[in-house]
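>>> kindly return the folded structure for what I paste below:
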Amino acid sequence: MKLAVIKETAPGETRVALVPECVRKLVAAGYTVSVERAAGADAKFADEAYATAGAVIVDDAAAALDGAEMVLKVRPPSTAEVDLVARLQRLPEGCMVLGGLLPLRHLECIRALAAHRLTAFSTDAIPRITRAQSMDTLSSMANIAGYRGALLAALELPRYFPMLMTAAGTILPARVFVIGAGVAGLQAIATAKRLGANVVATDVRPEVREQIESVGAKWAGIELRTSAAAGGGYAKELSDEDKARQRELLAEECARADAVITTALIGGTSAPKLITRDMVSRMKPGAVVIDLAADGGGNCEASEPGRTVEVGAVRVVAPLNLPASMPSDASTLWSRNLLAFISAFTREGRFHLMVDDDILRGAMITHQGEVTHKATRDALAALEERP
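The predicted structure follows:
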């Protein structure tokens, strides 16, 4: 069975779906792996390393895709790539595509995959169950985003993170406020603590207080009238009453912070607006906001995704696709997640569509010309109903 790895074409993307160490394991399991020349160059994986691992290096994407039964990706394929995959497939029921499709954000891609009867699996839709932990690309990339976010805050802040005792006197540590204690938030807390900051954190799920404190931050929270836990480690929207109380807490903590790092996502994709312009205007001169939810629209009203803006004397940074800024480790982790997914359904050198399996069924977005993922199907229907 042939697997194809092509160079990512999305602007700014530097990661690659498979790295040589995983190619070696897939070849040993019986797969043929075809890799487009220079597919791993931006992530610092040379063609020679892929060839040594057993991959077949080909000159372009078309040669890699020709006859492939599964295409491995990091980002959703463009509609042109979907057309190319469909044109070069040799299977009556369609080639498979495995990657981070984020289907609710890329409905046109999903429509094209279904139209060409391709079977698509999105790693961000894999159920968050124990058996699937090794396949969790969201957690792998969120870890990197949290780490880089804390480093960005330290670089952008016009003062030290740690306390320093010098001949000129003592510099007090910076106060960092982290909003959201998922994987990215916890890693941001841990990294800011390692850099010496005084860290305070909040989350609408009070059950994560212990996790926040275990990585060294102080908990700041309110007692909710209604639980905000949505299962799978995600949070859901608060009631209006709880939102109002939460806003008061955020305003107070933002005003006291030197750096605010926001990581809140609803359902892992949608970013609620938590920090208003008014809150930003009341922050200390020189304070910074690092909006790690910018890919989902941002948690701060002043954020402009992909840009750094000044709001009075406060700098608001809204970076996009932070994992691509650390492509070697990001690609290695992503590749291991894909390897774990493929290996779970491999029998005698082939990937088997075990559609009754919870993981496979949860990750499946399109199959046999249909959009099988309910949330995506509903989003497409809503899109078509718009005037």
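>>> where are the low-confidence patches of the stretch 251-387 of the chain?
The stretch 251-387 of the chain contains residues with pLDDT under 70 at 267-269, 387.
>>> in it, which spans are strands?
Secondary structure of the stretch 251-387 of the chain by DSSP state E, counting those that start in this stretch: the strands cover 259-262, 288-291, 308-311, 314-317, 346-347, 350-351, 364-367, 370-371.
>>> save the ones you listed as TSV, and put in mean neighbour count and distance to Ser140 too.
Where you see a C-beta, it was placed from the backbone N, CA and C, and this is true even at glycine. Below are these laid out as TSV (neighbours: other CB atoms under 10 Å; distance: least, CB to CB, whole Å):
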stretch	mean neighbour count	distance to Ser140
strand 259-262	30	19
strand 288-291	29	20
strand 308-311	14	26
strand 314-317	23	23
strand 346-347	14	21
strand 350-351	16	21
strand 364-367	24	20
strand 370-371	16	26
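>>> turn those strands into CSV, including distance to Ala38.
Shown next, in CSV, are those (distance: least, CB to CB, whole Å):
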stretch, distance to Ala38
strand 259-262, 35
strand 288-291, 32
strand 308-311, 31
strand 314-317, 31
strand 346-347, 28
strand 350-351, 26
strand 364-367, 29
strand 370-371, 34
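>>> ok, which of the ones you listed comes nearest Met163?
Within those, the stretch nearest Met163 is strand 259-262; the backing value is 15.1 Å (CB to CB).
>>> got the CA positions of the closest one in PDB?
Once non-C-alpha atoms are left out, strand 259-262 reads as follows in PDB (Å, rounded to 0.1, in the frame of the first residue of the first chain):
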ATOM      1  CA  ALA A 259       2.000  40.000  30.400                       C
ATOM      2  CA  VAL A 260      -1.300  38.200  29.600                       C
ATOM      3  CA  ILE A 261      -1.200  35.000  27.600                       C
ATOM      4  CA  THR A 262      -4.600  33.800  26.300                       C
END
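>>> change the start of the numbering to 877 and stick with it
Understood, numbering begins at 877; the last thing we discussed is strand 1135-1138.
>>> Gly970 against Ala990, yeah?
No. Counting by CB atoms under 8 Å, Gly970 does not reach Ala990; the two are 9.8 Å apart.
>>> who's more crowded, the two?
Ala990 (24 against 21; other CB atoms under 10 Å).
>>> show me what contacts that one?
Contacts for Ala990 (CB atoms under 8 Å, 6 or more residues apart in numbering) come out as 1242, 1245-1247.
>>> same check, this time on Pro1161
Pro1161 touches 1188-1190, counting by CB under 8 Å, 6+ apart.
>>> roughly how far does it sit from Glu1180?
21 Å (CB to CB, to the nearest Å).
>>> ditto for Asp1205
28 Å.
>>> do the same with Thr1242
33 Å.
>>> equivalent analysis for Thr1208, please.
Distance from Thr1208 to Glu1180, by CB to CB: 31 Å.
>>> what about those two, which has more around it?
More neighbours surround Thr1208 than the other of Thr1208 and Glu1180, with 20 against 14 (other CB under 10 Å).
>>> residues contacting that one?
895, 897.
>>> next one: phi and psi at the closest residue to Gly1072 other than its chain neighbours?
Leaving aside its chain neighbours, Gly1072 sits nearest to Pro1038 (2.4 Å; criterion: CB to CB, 6 or more residues apart in numbering). Main-chain dihedrals, Pro1038, degrees, to the nearest 10: phi -90, psi 160.
>>> count the neighbours of Pro1038 for me.
15.
>>> which two of the contacts of Ala990 have the greatest separation?
Longest span within these, CB to CB: Gly1245 and Val1247, 9.1 Å.
>>> what ranges does the stretch 877-1026 of the chain have for its helices?
896-904, 923-929, 937-941, 955-964, 983-991, 1013-1032 (DSSP state H, counting those that start in this stretch).
>>> so which of those helices is nearest Gly1061?
helix 1013-1032 (6.4 Å).
>>> just checking, what packs against the closest one?
helix 1059-1070, strand 1135-1138, strand 1164-1167, strand 1190-1193, helix 1203-1220 (3 or more CB pairs under 8 Å, 6 or more residues apart in numbering; DSSP states H and E).
>>> and these: which comes nearest Gln1087?
Taking the helices and strands packed on helix 1013-1032 one by one with CB to CB, helix 1059-1070 is closest: 6.1 Å.
>>> roughly how far is that closest one from the heart of the chain?
A distance of 16 Å separates the centroid of the chain from that of helix 1059-1070, by CA atoms, centre = their mean, to the nearest Å.
>>> and the next helix or strand after that helix, which strands flank it?
With elements assigned by DSSP states H and E, the helix or strand that comes after helix 1059-1070 is strand 1074-1078. Paired strands of strand 1074-1078, with direction, are strand 1051-1055 (parallel), strand 1094-1095 (parallel) (DSSP bridges).
>>> residues making contact with the first one?
Right, the one you point to is strand 1051-1055. By CB under 8 Å, 6+ apart, the residues outside strand 1051-1055 that reach it are 1026, 1029, 1037, 1061, 1064-1065, 1068, 1073-1079, 1093, 1096, 1126, 1129-1130, 1132-1140, 1150-1151, 1175.
>>> please check these and keep the buried ones.
The neighbour count (16 or more other CB atoms under 10 Å) marks 1026, 1029, 1037, 1061, 1064-1065, 1068, 1073-1079, 1093, 1096, 1126, 1129-1130, 1133-1140, 1150-1151, 1175 as buried among these.
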